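Student: Structural data only, the sequence is not supplied:
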């Protein structure tokens with residue numbers, strides 16, 4: 001594995017962690033009162049676009065990273081609707 005791939009996968013791993021604290025906090029507290037639904041709708045839309053881009057470029061770093069973040073965005077949308 002070359003340096004650029006290691007860097008890409010490492011950056012992807014860190015990126016996937018960005019929404020994790022909010023997902024855990026919302027799940028534990030069973031409250032999404034202070035969470036913006038629109039932020040996660042926009043994020044989910046963005047992730048779908050990035051996955052499409054990654055597929056066109058055949059870039060697994062982009063595809064995998066954004067698939068995980070999409071799953072977390074969709075989870076937050078579900079939690080926001082469930083706990084509102």
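Tutor: Great, that's in hand. A quick note: this is a predicted structure, and the numbers were derived from the prediction, not measured.

Student: How many neighbouring residues does residue 20 have?
Tutor: Residues near residue 20, counting by other CB atoms under 10 Å, number 13. Any C-beta I mention is one placed from the backbone N, CA and C, and that applies to glycine too.

Student: pLDDT value on the residue positioned nearest the centre of the chain, please?
Tutor: Of all residues in the chain, the one closest to the mean position by CA atoms, centre = their mean is residue 69, 1.5 Å from it. Confidence at residue 69, expressed as pLDDT, is 96.

Student: Quick one: residues contacting it.
Tutor: Going by CB atoms under 8 Å, 6 or more residues apart in numbering, residue 69 touches 15, 16, 18, 19, 43, 47.

Student: and the closest residue to the fourth one other than its chain neighbours, how many neighbours does it have?
Tutor: In this case it means residue 19. Excluding its sequence neighbours, the residue lying closest to residue 19 (CB to CB, 6 or more residues apart in numbering) is residue 72, at 4.1 Å. For residue 72, the neighbour count with other CB under 10 Å is 20.
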